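Chemist: this one's structure only:
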């Protein structure tokens, strides 16, 4: 078997573009799913039964469905329900954001619940509004518990973006698989793809470990 | 827009076969990755420097590569290296297992390290050997403590089996794709697939939660 | 006799700042307050004493609407306590509260803990709030601990910061919910001394406490609670030296109080 590693170099720009799309998918999804998760968590904790019920259903639904299925579902079903034809990128973002928002909602809810009720009362006793108590007292303290989990969600998300390749979003996995089928350099391209993901993901995983150690709650 | 679920009922056998493959694949992957992961976790804690280093590197590698990439590489590229052709089902089994096992290693390690040293000393005072201490005292408590994490691992494993559709393993996701394309009713087919996966995953995670609540006291030393 | 005399002197020519009328509070099946009526006058130190679970703390949390009363009426300066959350916020600005477990914000330094109320609630500038906070920390004897985080302060120091935090809002009324119950014996004194200073300044204070010596020495008025009701109220000389009811006597002798 003769290996032609030059094929990787030849398609370097296409792979680089894929890397950029993968990183873009990760960043944009997180930028949506953090506020999304906070809103869902607050809905869940609210006294309004409709809001908390909706949040519960949303979170349980998207945590219990394979992401790849959500991607297909968003691709086929959303244009008909919503009525607008979204780009593949936007469709991919939607599917990822639905999934990650559900996970973040649980992260934020657990973080908020970990703060003693007395802390809330101390803030209220100073005359703060519920929103001020959340912003000034609860969230900054919950941050220590939330950050490590958000970091590991980030690492998972980075990997999960590869699943939107099935609806032809031009991410790293999609571009590498495309080159593979055009050039038939299967081993070279697939190995290159794995190595690029590894090179990008490894430092992120290590960073997530570092964040977990740094924020470890000592009680 | 009118919904027409009849293609699903007409092709129920086709889908049921897919469901069966999903369940088989998920069970096999869970058993294998738990076994591999627990062994790896023990090695990670008690092994020598080389073994520890190797296992850590393996875990971090799997944490940084998407499972899709592992599946595709094992199915398409591994035969070119090894000379053996693995059928799609066993390629998916191998890929998902080595991927998930990495997470089980981390969980097992965390569980073992959470056991107080006093427990080990108490067992030593009774004259137990290292192996006995691990098997009788440390592992049982550690595994009960990490049961909630094991629950999410099981859930992740079941969800990962859906990715096997990209190498055409005829599991539920793949069958749904095929049916969606053939019947021209993707909305109904994919929505129904969501329902099916939810009905598998939700009770499974709840069951493990309940099991944990019943056993939790056994892990609290 | 003496209680009547006390009451006459106490209420003479003044309107109460706080007036409770037949206040009730239930938690499920448990009746925490069962018809409490009480007046509190400006400039007074009023101590609530009584066994655990007798409703003393529930009174405080109802007063600043952290846990509103179910029934009855409360008048603050002649107007009824608000019921809506928005008005309750206004109300809480007028009352400072000190908690049993301090409840300092662990992610803020001592100085920032004292500043946070004026800055977020009153919109005071940070410079101004910091200046005022420094003065208050100096007043409670912690001028050298301003940059410490709560985790690096002793219990007594934390509680003194918490008092400064309450004072920073320039409240008309201070509520103390068992401020020394969670403290080591050796740090109780420093907190009580700060409270004594505040009392001497003529501040209006309601103190839920198990410190009978403090109540006897500092209080102008003592209210004895049992099972959600007021058993007896009067000046400290009456309550501690000449209790009028059997239940007060029982409670005090249970504590080993012999005058």
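Modeler: On my side now, so go ahead. The model shown is predicted, which means the values in this text are computed figures rather than measured ones. Residues are numbered from 1 along each chain as shown, chains lettered A, B, ... in the order given.
Chemist: Surely residue B:108 forms part of a strand?
Modeler: No: under DSSP: H, G, I helix; E, B strand; the rest coil, residue B:108 falls outside any strand and is assigned helix.
Chemist: Now it: closest residue in space, sequence neighbours ignored.
Modeler: With sequence-adjacent residues excluded and distances taken as C-beta to C-beta, 6 or more residues apart in numbering or on different chains, residue B:108 is closest to residue B:41, at 2.5 Å. C-betas here are computed from N, CA, C, even on glycine.
Chemist: which secondary structure element contains the one you found?
Modeler: For residue B:41, the host element (DSSP states H and E) is helix B:12-46.
Chemist: And for residue B:56?
Modeler: Using DSSP H and E, residue B:56 falls in helix B:49-64.
Chemist: That helix vs chain A: in contact?
Modeler: Yes: contact of helix B:49-64 with chain A is found when judged by C-beta under 8 Å from any C-beta of the partner chain, involving B:60-61, B:63-64.
Chemist: just stretch B:150-161 next, same as before
Modeler: Yes: among the residues of stretch B:150-161, B:155, B:158-161 lie within reach of chain A under C-beta under 8 Å from any C-beta.
Chemist: tell me how far that stretch is from the chain's mean position?
Modeler: Put simply, stretch B:150-161 sits 5 Å off its chain's centre (C-alpha atoms, centre = their mean, to the nearest Å).
Chemist: OK, contacts around residue B:164?
Modeler: B:25, B:71, B:88-89, B:92, B:96, B:171, B:173-174 (C-beta atoms under 8 Å, 6 or more residues apart in numbering or on different chains).
Chemist: Which residue ranges of chain A form helices?
Modeler: A:6-10, A:12-45, A:49-63, A:67-82, A:88-113, A:117-125, A:130-133, A:139-160, A:172-183, A:186-215 (DSSP state H).
Chemist: How many residues are close by residue A:115?
Modeler: Using other C-beta atoms under 10 Å in any protein chain shown, residue A:115 has 19 neighbouring residues.
Chemist: how near is it to residue B:178?
Modeler: According to C-beta to C-beta, to the nearest Å, residue A:115 and residue B:178 sit 49 Å apart.
Chemist: on that earlier part again, quick one: which of the helices of chain A is nearest residue C:46?
Modeler: helix A:117-125 (18.3 Å; C-beta to C-beta).
Chemist: Remind me what the closest one packs against, helices and strands.
Modeler: helix A:130-133, helix C:85-93, strand C:95-98 (3 or more C-beta pairs under 8 Å, 6 or more residues apart in numbering or on different chains; DSSP states H and E).
Chemist: Which residues does it contact?
Modeler: By C-beta under 8 Å, 6+ apart, the residues outside helix A:117-125 that reach it are A:130, A:132-133, A:136-138, A:141, C:61, C:64, C:66, C:89, C:92, C:95-97, C:99, C:101, C:103-105, C:166.
Chemist: so what's residue B:175 closest to, chain neighbours aside?
Modeler: Here the residue nearest residue B:175, using C-beta to C-beta, 6+ apart, is residue B:18, at 3.2 Å.
Chemist: Just confirm the one you found contacts residue B:176, I think it does.
Modeler: Yes: Residue B:18 lies in contact with residue B:176 (C-beta atoms under 8 Å); the separation is 7.1 Å.
Chemist: For the one residue in the stretch 51-200 of chain C that gets nearest to chain B, which non-adjacent residue is closest in space?
Modeler: Per C-beta to the nearest C-beta, residue C:151 is where the stretch 51-200 of chain C lies closest to chain B, at 23.6 Å. In this structure, residue C:151 finds its nearest non-sequential neighbour in residue C:106, 6.3 Å apart by C-beta to C-beta, 6+ apart.
Chemist: again with residue A:180
Modeler: residue A:189 (4.1 Å).
Chemist: which residues sit in contact with that neighbour?
Modeler: Counting by C-beta under 8 Å, 6+ apart, residue A:189 makes contact with A:7-8, A:11, A:176-177, A:179-180, A:183.
Chemist: if we can go back for a sec, which single one of the residues of stretch B:150-161 next to chain A is nearest to chain A?
Modeler: Among these, and counting by C-beta to the nearest C-beta, the member closest to chain A is residue B:159, at 4.1 Å.
Chemist: Can you name the element that comes right after the helix or strand the closest one falls within?
Modeler: Assessed by DSSP H and E, residue B:159 sits inside helix B:147-161. The helix or strand immediately downstream of helix B:147-161 is helix B:172-183, counting by DSSP H and E.
Chemist: what angle do the helix holding residue B:41 and helix B:172-183 make?
Modeler: 150 degrees (axes from the mean of the first three to the mean of the last three C-alpha atoms, to 10 degrees).
Chemist: from memory residue C:57 sits against residue C:177, does it?
Modeler: Yes: counting by C-beta under 8 Å, residue C:57 touches residue C:177, with 5.3 Å between them.
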